[in-house]
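In: Sequence and predicted model, in that order:
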Amino acid sequence: MKCTNAMFGQKKADLTGLTRNEVLQLFRTTIDIKRGDIASMGQLANATRSGTGKGEILMKNGAFAVNGEKKRDPSESVSNVLLPGLPDLTLICWGKRDYNIVRWI
């Protein structure tokens, strides 16, 4: 119930107060990305987009959010994208409710 409320109890997901294990269990799969492979939001969008359409282009149209904040600038740095208290996880969302966790390895 705690995880359900975190994801769907508000307008945007709020994982505050959940442990790392709870966050990882909340998502069926995680997207593992090497820290040094991604430097910009555009690269993160491209690396995490599944299906048709290039992530960077969809991002410019407002379809990509990182930790609850819409991202539209592909050149923006990913230097500050970790979830508070979770040193290797980032929450991304495509569209309104297609949430995924990025695990930085």
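Out: Received, thanks. Residues are numbered from 1 along each chain as shown.

In: Sort out which residues of stretch 77-92 are buried, please.
Out: Across stretch 77-92, burial judged by 16 or more other CB atoms under 10 Å covers Val78, Val81, Leu82, Leu83, Leu86, Leu89, Thr90, Leu91, Ile92. Where C-beta positions appear, they are placed from N, C-alpha and C, glycine not excepted.

In: Show me which pair in those is furthest apart.
Out: Val78 and Leu86 (15.2 Å; CB to CB).

In: in this structure, which residue is closest to the centre?
Out: Ile92 (1.6 Å; CA atoms, centre = their mean).

In: Secondary structure element for that one, which one?
Out: strand 89-94 (DSSP states H and E).

In: Tell me the strands beside that strand, with direction?
Out: Looking at strand 89-94 with DSSP bridges, its paired strands and their directions are strand 64-66 (antiparallel), strand 98-104 (antiparallel).

In: Please tell me how far the first one is from the chain's geometric centre.
Out: Here strand 64-66 is found 6 Å from its chain centre; the criterion is CA atoms, centre = their mean, to the nearest Å.

In: Can you tell me what sits against it?
Out: Strand 64-66 has contacts (CB atoms under 8 Å, 6 or more residues apart in numbering) with 12, 41, 44-45, 55, 58, 70-72, 81, 90-94.

In: Out of the residues you listed, the closest to Ile33 would be?
Out: Leu44 (7.7 Å).

In: buried set for the helix or strand containing the closest one?
Out: Using DSSP H and E, Leu44 maps to helix 41-48. For helix 41-48, the neighbour count (16+ other CB under 10 Å) marks Met41, Gly42, Gln43, Leu44, Ala45, Asn46, Thr48 as buried.

In: what about the residue nearest to Leu86 when sequence neighbours are not counted, how many neighbours?
Out: Leaving aside its chain neighbours, Leu86 sits nearest to Arg20 (5.5 Å; criterion: CB to CB, 6 or more residues apart in numbering). Close neighbours of Arg20, defined as other CB atoms under 10 Å, add up to 15.

In: Model confidence score at Arg20, please.
Out: If you check Arg20, the pLDDT there is 89.

In: Sounds good, over and out.
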